[in-house]
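Q: Take a look and give me a structure for this.
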Amino acid sequence: MSLKALSDASIHGSFDSRIKKLVPVLHGKMHKGECGRYTGAPYYAATSSLRVFPLLVNFFFKKKNKGSDLSFVYCEKEAGPVIKSYSPDLIVCPYLRSEKTMDGQLDFIHSRILEKIRTHHVLSVGSGLGDDEGIRSSIRLILEHAIKNDIPIVIDADALKIVSLNPELVNGHKQSILTPNFNEFGYLMKGLNLLSTGDPVHDVENLARHLGNVTIVLKGHFDIITNGNRIFFDKFELFHFLFFYVAFYLAVKCTEKSGLKRCGGQGDILTGAIASFFGFGVAYLQNRWEHEAELSKEEIPMLAAYAGCKVTRTASFLAFSQRGMATQSSYILDHVPESVAKNLLYTQKL
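A: Down below sits the predicted model:
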């Protein structure tokens, strides 16, 4: 095995062991919402966050439970009834107003939203927003509020265009995760006047540094995850008495097998999965269950991003293995619990 292959194997092995520590250890004294209150845009992102863990609980403990305990969807007024019709599990808040449906003072609408999101562990912003200026002004305010209050954010899709035009919104907020595809990554690079080197790993690292070390997930054939810093140190044991430490590289690649069909909504599933793990990270830091406090606040965004990528890619592979070219995002969503079962260890205390 080459040195590089050994290095990559060590990184993935360490990440695999550490993301398991994010998973809540359920116990009877927990209250609804303590394992993550998640807010996002449309159905796929919101439902993905809820489906991260039900299969394991059902299989081992015969008791229904879910990933994030509560999933709030903040959407435009006319979209509310449609999204609510998809699932009774979603808490739909049709507070956003487009220029067409503006029926009140924007300040009042914003105050309702900001009052609500103070209670959430993590925000997912961007899926299905569109380019309406009324919506965009609300999103800019929400981003400013979340960053001011150090609320973790996952930023995707149309919200990335807002960031590309206003990079100062997220600059230095290390509790932000950006999830661009190739085209969206180009917008972000252009917004900061950065030129590509031809090496995507180097480009993502460079962008993360110029945004103040936010975490970036560049989606593609494999997912590149970085915050532009060394990730963390890990300790290895040699011959049971000699220890050495390794500072991992700036970027991690998630190379888990994925389905070949590219479906609309697949990125939203990833956003929801990352947000769910990000919410678990907040609950971890709040000591909502007993653990050895091995994870730091600084590394949780990277771990949440890696866990979300791994779970989503595996779910895509499972769906494609069954459906082939007929694969749709709804099928991928159905395989999220099975993907978690394959990738993560889940525990519960009665």
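Q: Tell me which stretches of the chain form helices.
A: Using DSSP state H, the helices of the chain run over 3-19, 43-50, 54-61, 80-86, 106-117, 133-148, 158-165, 182-191, 200-210, 266-285, 300-323, 329-334, 336-343.
Q: TSV for those, including distance to residue 224, mean neighbour count and mean pLDDT?
A: To be clear about C-beta, it is placed using only N, CA and C from the backbone, and glycine gets the same treatment. Below are those laid out as TSV (distance: least, C-beta to C-beta, whole Å; neighbours: other C-beta atoms under 10 Å; pLDDT from 0 to 100):
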stretch	distance to residue 224	mean neighbour count	mean pLDDT
helix 3-19	13	15	63
helix 43-50	21	29	78
helix 54-61	28	15	32
helix 80-86	31	15	82
helix 106-117	29	14	83
helix 133-148	23	18	89
helix 158-165	16	21	95
helix 182-191	10	17	96
helix 200-210	5	19	96
helix 266-285	13	28	92
helix 300-323	10	25	96
helix 329-334	21	21	92
helix 336-343	19	21	90
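Q: how close does residue 260 get to residue 222?
A: Computed as C-beta to C-beta, to the nearest Å, the residue 260 to residue 222 distance reads 14 Å.
Q: The two: which is more packed in?
A: More crowded of residue 260 and residue 222, by other C-beta atoms under 10 Å: residue 222, with 15 against 11.
Q: quick one: contacts for the more buried one?
A: The contact partners of residue 222, by C-beta atoms under 8 Å, 6 or more residues apart in numbering, come to 253-255.
Q: Which of those ranks first by neighbour count?
A: residue 254 (22 neighbours).
Q: just to revisit the earlier point, including distance to residue 93, could the helices of the chain go into TSV?
A: Output for those, formatted as TSV (distance: least, C-beta to C-beta, whole Å):
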stretch	distance to residue 93
helix 3-19	30
helix 43-50	11
helix 54-61	23
helix 80-86	8
helix 106-117	7
helix 133-148	12
helix 158-165	17
helix 182-191	26
helix 200-210	32
helix 266-285	16
helix 300-323	23
helix 329-334	22
helix 336-343	24
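Q: so which of these comes closest to residue 94?
A: Residue 94 lies closest to helix 80-86 among the helices of the chain, at 2.9 Å (C-beta to C-beta).
Q: Which elements pack onto the closest one?
A: Judged by 3 or more C-beta pairs under 8 Å, 6 or more residues apart in numbering; DSSP states H and E, the packing partners of helix 80-86 are helix 43-50, strand 91-96.
Q: so can I have CSV of those showing distance to residue 207?
A: CSV is the format used below for those (distance: least, C-beta to C-beta, whole Å):
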stretch, distance to residue 207
helix 43-50, 23
strand 91-96, 28
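Q: of all the ones you listed, which lies closest to residue 288?
A: Of those, nearest to residue 288 by C-beta to C-beta is helix 43-50, at 16.8 Å.
Q: Now tell me what touches the closest one from outside.
A: Taking C-beta under 8 Å, 6+ apart as the rule, helix 43-50 contacts 36, 38, 40, 66-68, 71-73, 83, 86-87, 89-90, 124, 127, 156, 265, 268-273, 275-276, 279, 312, 329, 333, 336.
Q: same thing with stretch 131-139?
A: So stretch 131-139 is in contact with 76, 96-100, 102, 106, 109-110, 113, 125-126, 129, 158-159, 161-162, going by C-beta under 8 Å, 6+ apart.
Q: ok, now stretch 95-114?
A: Taking C-beta under 8 Å, 6+ apart as the rule, stretch 95-114 contacts 74-78, 93, 116, 130, 132-135, 137-138, 141-142, 145.
Q: end-to-end on it?
A: End-to-end span of stretch 95-114 (C-alpha to C-alpha, to the nearest Å): 11 Å.
Q: just stretch 287-296 next, same as before
A: The first-to-last residue distance of stretch 287-296 comes to 12 Å (C-alpha to C-alpha).
Q: Buried residues of that stretch, list them for me.
A: 288-289, 295 (16 or more other C-beta atoms under 10 Å).
Q: Check the offset of it from the chain's centre.
A: 20 Å (C-alpha atoms, centre = their mean, to the nearest Å).
Q: same question for that stretch, mean pLDDT?
A: Mean pLDDT, computed over stretch 287-296, is 86.
Q: TSV please, covering the contacts of residue 222 and showing distance to residue 213 and pLDDT.
A: What follows is the contacts of residue 222, written out as TSV (distance: C-beta to C-beta, whole Å; pLDDT from 0 to 100):
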residue	distance to residue 213	pLDDT
253	19	91
254	19	93
255	24	93
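Q: Those residues in strands, which ones?
A: The strands, defined by DSSP state E, take in 253-254 from the contacts of residue 222.
Q: can you tell me which of the buried residues of stretch 287-296 lies nearest to residue 204?
A: Using C-beta to C-beta, residue 295 comes nearest to residue 204 of these, at 23.0 Å.
Q: Tell me, how many residues neighbour the nearest residue to the closest one once chain neighbours are set aside?
A: Distances taken as C-beta to C-beta, 6 or more residues apart in numbering place residue 21 nearest to residue 295, at 5.6 Å, with adjacent residues excluded. When neighbours are counted by other C-beta under 10 Å, residue 21 registers 18.
Q: Residue 21 and residue 284 touch, don't they?
A: Yes. Shown here, residue 21 and residue 284 form a contact pair, counting by C-beta atoms under 8 Å, at 7.3 Å.
Q: Common neighbours of those two, please.
A: Both residue 21 and residue 284 are contacted by 291, 295, under the criterion C-beta under 8 Å, 6+ apart.
Q: one step back: need the buried residues of stretch 287-296 in CSV (columns: distance to residue 182).
A: Formatted as CSV, the buried residues of stretch 287-296 follow (distance: C-beta to C-beta, whole Å):
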residue, distance to residue 182
288, 37
289, 39
295, 31
